[in-house]
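Enquirer: take a look and give me a structure for this.
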Amino acid sequence: MIETRKSFCRFCHAYCGVEADVDVENNKIVALRSDHAHAVSQGYRCMKGRAELERLYHPERLLSAKKRKDGLLTDIPTPQALDEIAEKLKKIIDDHGPHAVAVYTGLASIVLSSSGPWLLRKWMDAIGSQSYFTSYTIDCPNMTVAPHRFWGAPVPLGSFDMPQADVALLIGTNPVVSHLPFTPQPNPMKRLRQALRRGMKLVVIDPRRSDVAQLADLHLQVKPGEDATLLSAMIKVIIEEKHYNEEYVAQYASGLSELYEAVKDFDLSYAARRTQVPGDQIRVAAIMFATATRGAASLGIGLHMSRHPNLTTHLVMALNGLCGRYDRKGGLVYKPMLLAPPLPEKAPPIELPLFTGLVSRVRDIKAIYNWLGVEEIPASCLTDEILKPGKNKVRALIVLAGNPALSFPDEKSTIAALKSLDLLVVNDLFVTATAEYADYVLALKHPFEQADVSRTMDFYYPVPFMQYTKPLVTAPEGVMEGFEVFWELAKRLDVGLDLPGISMDKKPDADDMLSALLAGAEVPFDEIRKHEGGHVWGEWEPEDGCIIPHMIGHPDKRMALGHPEVMAELREVRAEPLTDTSGYDVGEKCAFRLVNYRMREVYCTQGQNLPSLHHKAPYNPVLMNGEDMVALKVTDGDCVLIKNDFGSVEGIVKETDALKPGVIGMAYGWGNPEDTRNIREKGSNVQRIIPDDYRFDPVTGIALMTAIPVNVSAMPKQS
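Expert: Okay, here's the model as predicted:
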């Protein structure tokens, strides 16, 4: 019997609706298609989502727990693996204290609502460990630091009301591929095109002519790493020519004069030379954004991983603040969440400090409260927290749906750290690059084998929509969900989880865990479960004045345009040497700057092994302008060596006109060092040329992972 069931994709956080034809008798999905009745995705699904059955039924998918024995991973019953892991954890805690046990949760776990950071912080608290790390701080801790400086507290103004916007300014982001939620998702191209047909203007700042840049009315193709200068020049134009919203700024902002003092020396001629964007284009972009009635500026990974990430994020926020784009229709607005308690009218500031009080043993980096309000040490510290001797050295690491071996800076040190652990446990669908060094690998259920809700998009859906799904098929015996692994370990370690209704006497199922983690939601979990295919709870119309000034945390109840720490950093930027090369320092002999970018065929380190996606993209090419290829005497498919003072990596060159001469592009998440295949089959790990302790952000520790000065040379051609 074939039964059609509704669910949603969890390859990424966009949660596109799907319909599955299930052979009930044989417990198998025989067909998967987009759900055209889905209230949000409306039939959209990207190529990764269309490959999801390949992931579910991949011949190399883990279907049993594994233990390393004589250097090889061999099958072991899951209960036995859990017993042995718990025994080793107990000994490490007894001998070295609970902080010696660390957990790292990757991006693939954040889309699973019963596990991920919502649960794992509870588990860490239960064993008494501070050593908690997530993928959030690999690439976007600035999204905690800058807003806290700007507002003085977490402020829920992140949903872009694009349907009512007259202008959108997108900086270092390509939502068509990344599906980042700061523009309406999913089906981003359709939503952008609808807005443009309606008359919205689009300005894009990006070193690469990305998918979204090709739609833009104006594309400022900035020199990588020079965003702070470009944004400062735009702000200078807006203030000097009085294009800002004077009434809004007078009522809700402070520090206008301090901001102007910091940007006044970023004149257009200076900015043009430093950014390689003509001054008249900078001015047109500033005026186009500022004089529109409604709109917003939004940023992405291109700024998060580049130079001065906290500063550039603050400058983007300052643009929105100057132009009156917060808490206003058509701008960045508050959207009530269905899975959180409702905000009271005129809610006071959220009392959550930026720093937790905990300081890493590495480079004095402070722990922060992340986007979920959960305490974590920045992931940039984890490698050295393992390698550095002394009290609280990390000796055991449990990884949930993450892949540090391919996503952390400094591949060599990362692998040395993984190898040196007393205990490494990896929970995943496959033997990943990180699992190559694991003592135990626990097989996780595929998302279609799990009950779930579309939690991560709750604040960002363009309508008040939420979806629950039952498992589409039953998982093989011995394959577990993430929450099951940590509940079982907690029970064996004789600790409890501080969650309502969760007992250590009876193992919870996924619905029990979801109910506990969603306690206090505005729409009860039991109500959400009633609606197959999801449900829209009434209409939502953005309102002006829902959040500010009452939720601003600064004593004066104003957004801090001229925050002193930010202004000091901006003055440092203006004092940096102005070089005409690709180096940042005088005498730094580099001919190129390398930018990191996302490939539509993969989701960070996932998808590279799926046949249909691998056929389209068997490796991550080195994108290069044709003029540079002529100068280097290379053609498409040739091998080049990318090198800097830290390391080198080989790559396969591919011509593009989307980058200017002197700029190359390469995606990360490829090139498993234990994979013996050629780089034409496995790709190249760009992290080999990225140190974690040089040109890092001193506040969050994030490494410089894009706009990297490098040299490129041709490799000998193979006969």
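
Enquirer: test for you: state the pLDDT assigned to the closest residue to residue 467 other than its chain neighbours.
Expert: Counting by C-beta to C-beta, 6 or more residues apart in numbering, residue 467 lies nearest to residue 534, which is 3.2 Å off, once chain neighbours are set aside. For glycine as for every other residue, the C-beta is placed from the backbone atoms N, C-alpha and C. Residue 534 is assigned a predicted lDDT (pLDDT) of 97.

Enquirer: now swap in residue 508 and tell me
Expert: pLDDT, read off for residue 508, is 97.

Enquirer: that one contacts residue 514, doesn't it?
Expert: No: judged on C-beta atoms under 8 Å, residue 508 makes no contact with residue 514 at a distance of 9.4 Å.

Enquirer: what's next to stretch 15-25, contact-wise?
Expert: Contact with stretch 15-25 is made by 1-9, 28-35, 37-38, 40-41, 44-46, 49, 52, 111, 186-187, 448, 454, 456-457, 467, 472-473, 533-534, as judged by C-beta atoms under 8 Å, 6 or more residues apart in numbering.

Enquirer: now, the residues you listed that are in helices?
Expert: Of these, the ones assigned to helices by DSSP state H are 49, 52.

Enquirer: put the buried members of the contacts of stretch 15-25 into a PyMOL selection.
Expert: For the buried members of the contacts of stretch 15-25, the matching PyMOL selection, counting by 16 or more other C-beta atoms under 10 Å, is:
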select buried, resi 5+6+7+8+9+29+32+34+35+38+40+41+44+45+46+49+52+111+186+187+448+454+456+457+467+472+473+533+534
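
Enquirer: in strands, which of the contacts of stretch 15-25 appear?
Expert: Those of those mapping onto strands are 2-8, 28-34, per DSSP state E.

Enquirer: now, which of those residues sits nearest residue 492?
Expert: The nearest member of these to residue 492, counting by C-beta to C-beta, is residue 7 at 32.4 Å.

Enquirer: mind listing the strands for the stretch 1-150 of the chain?
Expert: 2-8, 17-23, 28-34, 65-69, 72-76, 101-105, 132-134 (DSSP state E, counting those that start in this stretch).

Enquirer: typed the wrong thing, it's the stretch 301-450 of the chain
Expert: 332-333, 355-359, 366-369, 375-376, 396-400, 423-428, 440-443.

Enquirer: hey, what's residue 653 bridged with?
Expert: Taking DSSP bridges as the rule, residue 653 bridges to residue 622.

Enquirer: need the contact list for it.
Expert: 621-622, 624, 629, 634-640.

Enquirer: residue 29 too?
Expert: By C-beta under 8 Å, 6+ apart, the neighbours of residue 29 are 20-23, 53, 56, 448, 472-473.

Enquirer: just to revisit the earlier point, just checking, the residue nearest to residue 467 touches residue 38?
Expert: Yes: using C-beta under 8 Å, residue 534 is in contact with residue 38, at 6.6 Å.

Enquirer: and the nearest residue to residue 88 once chain neighbours are set aside, how far from residue 312?
Expert: Spatial nearest neighbour of residue 88, excluding adjacent residues (C-beta to C-beta, 6+ apart): residue 423 at 4.9 Å. Distance from residue 423 to residue 312, counting by C-beta to C-beta, to the nearest Å: 39 Å.

Enquirer: who's more crowded, these two?
Expert: Each of residue 423 and residue 312 has its neighbours counted (other C-beta atoms under 10 Å); residue 312 has more, 30 against 19.

Enquirer: other SSEs contacting the longest helix along the chain?
Expert: As assigned by DSSP H, the longest helix anywhere in the chain is helix 78-96. Using 3 or more C-beta pairs under 8 Å, 6 or more residues apart in numbering; DSSP states H and E, the elements in contact with helix 78-96 are strand 65-69, strand 101-105, strand 396-400, strand 423-428, strand 440-443, helix 482-492.

Enquirer: got the ones you listed as CSV, with distance to residue 263 and mean pLDDT columns?
Expert: Output for those, formatted as CSV (distance: least, C-beta to C-beta, whole Å; pLDDT from 0 to 100):
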stretch, distance to residue 263, mean pLDDT
strand 65-69, 56, 98
strand 101-105, 39, 97
strand 396-400, 43, 98
strand 423-428, 47, 98
strand 440-443, 52, 98
helix 482-492, 46, 98
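
Enquirer: which of the ones you listed sits closest to residue 584?
Expert: Here strand 101-105 is closest among these (C-beta to C-beta), at 30.6 Å.

Enquirer: tell me what the closest one is packed against?
Expert: helix 78-96, helix 116-127, strand 132-134, helix 382-387, strand 396-400.
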